[in-house]
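> sequence and predicted model, in that order:
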Amino acid sequence: MTDAEEQPQTWHHGIVARWWAEFNVDGPEIPYFQTFIEGDGQPALDLACGAGRLLIPYLRAGLDVDGCDISSDMLALCRERAEAEGLSPNLFAQAMHELRLPRKYRTIVVCGGFGLGGNPEQSFAGLERIYEHLVPGGLLLLDNEAPYANPGLWRRWLEEERRTLPGPWPDLGEGDRRRASGGDEFELRSRVVELDPLAQFVTLEMRADLWRHGEHVAEEEHVLKMSLYFTHELTALLDRAGFTDVTLHGDYTDKEPDGDTEFVVFSARKPV
């Protein structure tokens, strides 16, 4: 199997998808990207839309935005949330590097999804597919977390830290446990399995547990693979894919990124 044919792996399924839909519902990204879509940026595509954290507010605002994600579980939760508000989104279950959608867009937003699940070859293929799905003059908005912004992962780049991998599982009760609106309780625990600093590729695992009426009723384990990119590398990839007018902003503001920026937002155009 070639790198392009390798199946992307993410942990956004089952219990983890329910967690995302329940607890990951806000953030500065939502109004930041919405401004671009409202300013002559329709129709738009929310690529890696998940359970609709961005998409549903955009639909609620009357914007013409489609959604696409690799996880059918996330899309099912997105549709459920949308229909509860009387909304009817166009949703597509596709991997970014295999994107084949029925129309083209003036704006494509990739929020928290680039490099997620696949390998570097698939990441670049995703940029090429995005390029093909933009109209001439169309805009790509893509965010990227700087590899050094996550201290727990960044220290794993050191040789002495990599020798300890895979890291141990946190005990049950030591993870992030929360109660959902319906009364169910969820807990997520993750660990780093492998990090290759040369390939800039990391593999993580997550265990997700569910309690109902105080009884432990389900446990799942998922794998997440990620390609990690520094700012200048991603700028070069956008140029290689054919994009022009690449500009950078820091942490969902109009400010230029600096050494303290955690998320760099890339704005890039398909030439007219």
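Alright, I've got the coordinates. Numbering: from 1, shown residues only.
> which parts of stretch 250-269 are buried?
For stretch 250-269, a neighbour-count test (16 or more other Cβ atoms under 10 Å) marks Gly250, Asp251, Tyr252, Pro257, Thr261, Phe263, Val264, Val265, Phe266, Ser267, Ala268, Arg269 as buried. For glycine as for every other residue, the C-beta is placed from the backbone atoms N, C-alpha and C.
> list the contacts of that stretch.
By Cβ atoms under 8 Å, 6 or more residues apart in numbering, the surrounding residues in contact with stretch 250-269 are 28-29, 32, 36, 137-146, 149, 231, 234-235, 238, 243-249.
> from the residues you listed, which ones fall inside helices?
Using DSSP state H, Glu29, Tyr32, Phe36, Thr231, Leu234, Thr235, Leu238 are the members of the contacts of stretch 250-269 that sit in helices.
> does the last one touch Ile130 like I think?
No - taking Cβ atoms under 8 Å as the contact criterion, Leu238 and Ile130 are not neighbours in contact, 9.8 Å apart.
> what's the local residue count around Glu80?
Neighbours of Glu80 under the rule other Cβ atoms under 10 Å: 12.
> got phi/psi on it?
When read as degrees, to the nearest 10, the backbone of Glu80 gives phi -60, psi -50.
> state the pLDDT value of it.
What the model reports as pLDDT for Glu80 is 96.
> and the ones in helices among the contacts of stretch 250-269, which of them are buried?
Taking 16+ other Cβ under 10 Å as the criterion, what is buried in these is Glu29, Tyr32, Phe36, Leu234, Thr235, Leu238.
> a markdown table for these, including pLDDT and distance to Phe23?
Output for these, formatted as a markdown table (pLDDT from 0 to 100; distance: Cβ to Cβ, whole Å):
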| residue | pLDDT | distance to Phe23 |
| --- | --- | --- |
| Glu29 | 97 | 16 |
| Tyr32 | 98 | 20 |
| Phe36 | 97 | 26 |
| Leu234 | 97 | 28 |
| Thr235 | 98 | 33 |
| Leu238 | 98 | 32 |
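> can you redo these as CSV with distance to Asp66?
Listed next are those as CSV, based on distance: Cβ to Cβ, whole Å:
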residue, distance to Asp66
Glu29, 18
Tyr32, 19
Phe36, 16
Leu234, 24
Thr235, 27
Leu238, 22
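> for those, which one is nearest Leu153?
Within these, proximity to Leu153 (Cβ to Cβ) peaks at Leu234, which comes in at 17.5 Å.
> what about the closest one, distance to Ala82?
Noted for Leu234: a distance of 31 Å to Ala82, by Cβ to Cβ, to the nearest Å.
> and for Phe243?
31 Å.
> quick one, which of these two is more surrounded?
Between Phe243 and Ala82, Phe243 has the larger neighbour count (other Cβ under 10 Å), namely 24 against 20.
> which residues touch the more buried one?
By Cβ under 8 Å, 6+ apart, the contact list for Phe243 reads Leu127, Tyr131, Leu140, Ala268, Arg269, Lys270.
> now for the residues you listed: which two are most distant?
Pairwise over those, using Cβ to Cβ, the maximum falls at Leu127 and Arg269, 13.2 Å.
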